[in-house]
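[1] Okay, predicted coordinates and the sequence, questions at the end:
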Amino acid sequence: MADGADASATESDGELVTSNSAVKRAARSYGRQHGVGYRAALRIIGRRGDDRFEPVATRILIEAIEGCGIRHWARIDAWDGRSEAVITDLGGEVFDLSIATMTPAVVDLLERDPECDVVDIDSYLADEIVQQCLFGLVLYRSEVRRRPTTG
């Protein structure tokens, strides 16, 4: 009986590991880039317990690339269709764009807007988030503006 209980715990742990794999990869990447330990990186990312992280991050990438959000300032050199891209900006600088590189901005978005859902992300917002990740601010403004929302 104990073996059955252990097996189900392992299965549920396996599901937990699977659902948090993007966060763990992002924490490892963040830790390497910023010289902090893995646990510190997990705390900095502050994402534990939020199952919206990966779908929101994926939607941001898709809207930025396939929704033409970043095309007014970047060329798409490579795109895997889900989680990683290589882009070149107007100045010729090449960037690797992935869920891991976008983690701080996605976490910030989810903290600022706890009700944020994947359907709330359009190409305009995705463009701003990508620029914030890469440059620390929005450098390039699109000529197309977001329509005002009606209350």
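    Ah, there it is.

[2] Enumerate the helices of this protein by residue range, in sequence order.
    2-19, 21-34, 38-45, 53-65, 99-112, 123-135 (DSSP state H).

[3] Just give me the residue right at the centre of the protein.
    The centroid of the chain falls nearest to residue 57 when counting by Cα atoms, centre = their mean (3.2 Å).

[4] dump the residue contacts of that residue.
    The contact partners of residue 57, by Cβ atoms under 8 Å, 6 or more residues apart in numbering, come to 22, 83, 99, 102-103, 106. Heads up, the C-betas are built off the backbone N, CA and C, glycines and all.

[5] go again using 6 Å as the cut-off
    99, 102, 106 (Cβ atoms under 6 Å, 6 or more residues apart in numbering).

[6] before we move on, back to that, next, format the helices of the chain as a markdown table and append distance to residue 143 and mean pLDDT.
    Output for the helices of the chain, formatted as a markdown table (distance: least, Cβ to Cβ, whole Å; pLDDT from 0 to 100):
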| stretch | distance to residue 143 | mean pLDDT |
| --- | --- | --- |
| helix 2-19 | 40 | 41 |
| helix 21-34 | 33 | 78 |
| helix 38-45 | 34 | 73 |
| helix 53-65 | 17 | 89 |
| helix 99-112 | 23 | 82 |
| helix 123-135 | 11 | 91 |
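
[7] Let me know which of these is tucked in deepest.
    The highest mean neighbour count among these, using mean count of other Cβ atoms under 10 Å, belongs to helix 53-65: a mean of 22.

[8] Quick one: distance of it to the chain centre.
    Taking Cα atoms, centre = their mean, to the nearest Å, one finds the center of helix 53-65 at 6 Å from the center of the full chain.

[9] Alpha carbons only: can I get it in PDB?
    C-alpha atoms of helix 53-65 as PDB (Å, rounded to 0.1, in the frame of the first residue of the first chain):
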ATOM      1  CA  PHE A  53       3.000  32.000 -16.700                       C
ATOM      2  CA  GLU A  54       3.800  29.700 -19.600                       C
ATOM      3  CA  PRO A  55       0.600  30.300 -21.600                       C
ATOM      4  CA  VAL A  56       1.000  34.100 -21.200                       C
ATOM      5  CA  ALA A  57       4.700  34.100 -22.100                       C
ATOM      6  CA  THR A  58       3.900  31.900 -25.200                       C
ATOM      7  CA  ARG A  59       1.100  34.200 -26.300                       C
ATOM      8  CA  ILE A  60       3.400  37.200 -26.000                       C
ATOM      9  CA  LEU A  61       5.900  35.600 -28.300                       C
ATOM     10  CA  ILE A  62       3.300  34.500 -30.800                       C
ATOM     11  CA  GLU A  63       1.700  38.000 -30.900                       C
ATOM     12  CA  ALA A  64       5.000  39.700 -31.200                       C
ATOM     13  CA  ILE A  65       6.200  37.500 -34.000                       C
END
